[in-house]
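Asks: Predicted structure and sequence below. I'll ask about it afterward.
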Amino acid sequence: MALISPSRRLRRTPFSQGVEAAGVKGYTSYNHMLLPTVFRTVQEDYRHLKEAVQVWDVSCERQVEVRGPDAGRLMQMLTPRDLRKMQEGMCYYVPMVDETGGMLNDPVAVKLAEDRYWISIADSDLLFWVKGLVYGFRLDVLVGEPDVSPLAIQGPKADDLAAGVFGDAVRDIRFFRFGRFDFQGREMVIARSGYSRQGGFEIYVEGGDIGMPLWNALMEAGRDLDVHAGCPNLIERIEGGLLSYGNDMTRDNTPHEAGLGRFCSTQTAIGCVGRDALLRVASEGPVKQVRALRIEGDIPPCDRVWPLMDGQYQVGAITSAAWSPDFETNVAIGMVRMTHWNAATDLDVVTQNGVFPAVVQETFWI
Ligand code: THG
């Protein structure tokens, strides 16, 4: 592929200078911002992520901040996950849906205070939907996109790296919880979360000016840990079954089709605008659903939807795929009709480079 042309619409981040100095080789666009996709090669980045520790510029995980007396009510309007047990200091993975039950985003919600949340969004303009609800329902909430840029530390040595900069107390942060830590006199929200299965943290960096000082401090502290700049890794996230909004599911899918039913408690999510629509489809169960698949052969890059065929009949589609060095097969994510979604079902996948055999897997590769 040719180069991506820089412009104001494709926003740089507080860490772009460090990302470039580390030799970034490719970008994608995510929430109208640069997101690195490769530093050395995707396979080298994968191996390093699984063995050492990486620092990721995930500034593109923009925050929709909601603040005010109606913040809690607004949050429950957005998601079919029951938020009543969510306490300050917790993060929740929350599918967000429209009035038809169609997925609008799959963010991480961060509860900063009773009346203040960050919605750490995937790649869609959720801000407009949130502002529309606030205006339409006359809610007493302020909505905006603050100057907050997440920086992730991911990999088996993430705890050692984070402790080197923030102190040993970061080791005590529990999964999907956050604490507040000092860096050069600035308070930072640090959560144990991130878009990999290797473990680690996400630092919500408030104020772009402190971005490069923090980046440099992490690189310095991690010298003996073989720290390197990294990014969400295509192979690792498919193996782990981490879904990519806009790729693996869209507004045309319900959370149940996306396999996110475990994050929905639609019955008790009173106030969710998609509740009635989801109660209808949830009682029947979805007729198609996300599955892990294995594909045989020398497949091209998955840069479009690949139809999944049973003979002449289309029974689904592959939406993400990559060669996995560890599992020595092409790992893939697809949406498959219920008639064909059982494990070990043999199908054919139609790519731009021809047809390859695909097999439905029991689970992801975690
Ligand atoms: N971290 C933060 N913001 C984000 C992402 C992130 N915004 C964009 C994107 N990633 C949102 N999508 C996801 C997808 C999966 C997970 C988090 C965000 C995830 N899922 C685990 C799972 O599915 O097993 C854990 C969920 C749980 O147990 O609650 O981590 O990565 N800040």
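Replies: That came through fine.
Asks: Does the nearest residue to residue 271 once chain neighbours are set aside fall in a helix, a strand, or a coil region?
Replies: Nearest residue to residue 271, sequence neighbours excluded (CB to CB, 6 or more residues apart in numbering): residue 76, at 4.5 Å. C-beta: built from backbone N, CA, C; applies to glycine. Here residue 76 is helix, with the state taken from DSSP: H, G, I helix; E, B strand; the rest coil.
Asks: For the stretch 151-300 of the chain, which residues are neighbours of the ligand?
Replies: 176, 193-195, 202, 242-243 (CB under 6 Å from any ligand atom).
Asks: what residues does the helix or strand bottoming out on mean pLDDT in the chain touch?
Replies: None of the helices or strands of the chain scores lower by mean pLDDT, DSSP states H and E than helix 275-284, at a mean of 92. Applying CB atoms under 8 Å, 6 or more residues apart in numbering, the contact partners of helix 275-284 are 80, 97, 99-101, 254-256, 261, 264, 266-267, 269, 272.
Asks: Out of these, which comes closest to residue 152?
Replies: Of all the contacts of helix 275-284, residue 255 has the smallest distance to residue 152: 24.1 Å, by CB to CB.
Asks: Run a quick neighbour tally on that closest one.
Replies: Residues lying near residue 255 (other CB atoms under 10 Å) number 29.
Asks: I'd like the numbering to begin with 37 instead of 1 from here.
Replies: Taking 37 as the first residue, the last one we looked at is residue 291.
Asks: List the strands paired with the helix or strand just after the least confident helix or strand of the chain, with their directions.
Replies: Using DSSP states H and E, the next helix or strand after helix 311-320 towards the C-terminus is strand 324-331. Applying DSSP bridges, strand 324-331 is found paired with strand 365-373 (antiparallel), strand 390-396 (antiparallel).
Asks: Show me which residues of strand 324-331 are buried.
Replies: For strand 324-331, a neighbour-count test (16 or more other CB atoms under 10 Å) marks 324-331 as buried.
Asks: Output it as PDB, nothing but the C-alphas.
Replies: Extracted C-alpha coordinates of strand 324-331, given in PDB (Å, rounded to 0.1, in the frame of the first residue of the first chain):
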ATOM      1  CA  LYS A 324     -25.400 -15.600  13.400                       C
ATOM      2  CA  GLN A 325     -22.500 -15.000  15.700                       C
ATOM      3  CA  VAL A 326     -18.800 -14.200  15.900                       C
ATOM      4  CA  ARG A 327     -16.600 -17.300  15.800                       C
ATOM      5  CA  ALA A 328     -12.900 -18.200  15.800                       C
ATOM      6  CA  LEU A 329     -11.900 -19.900  12.600                       C
ATOM      7  CA  ARG A 330      -8.700 -21.400  11.200                       C
ATOM      8  CA  ILE A 331      -7.800 -20.900   7.500                       C
END
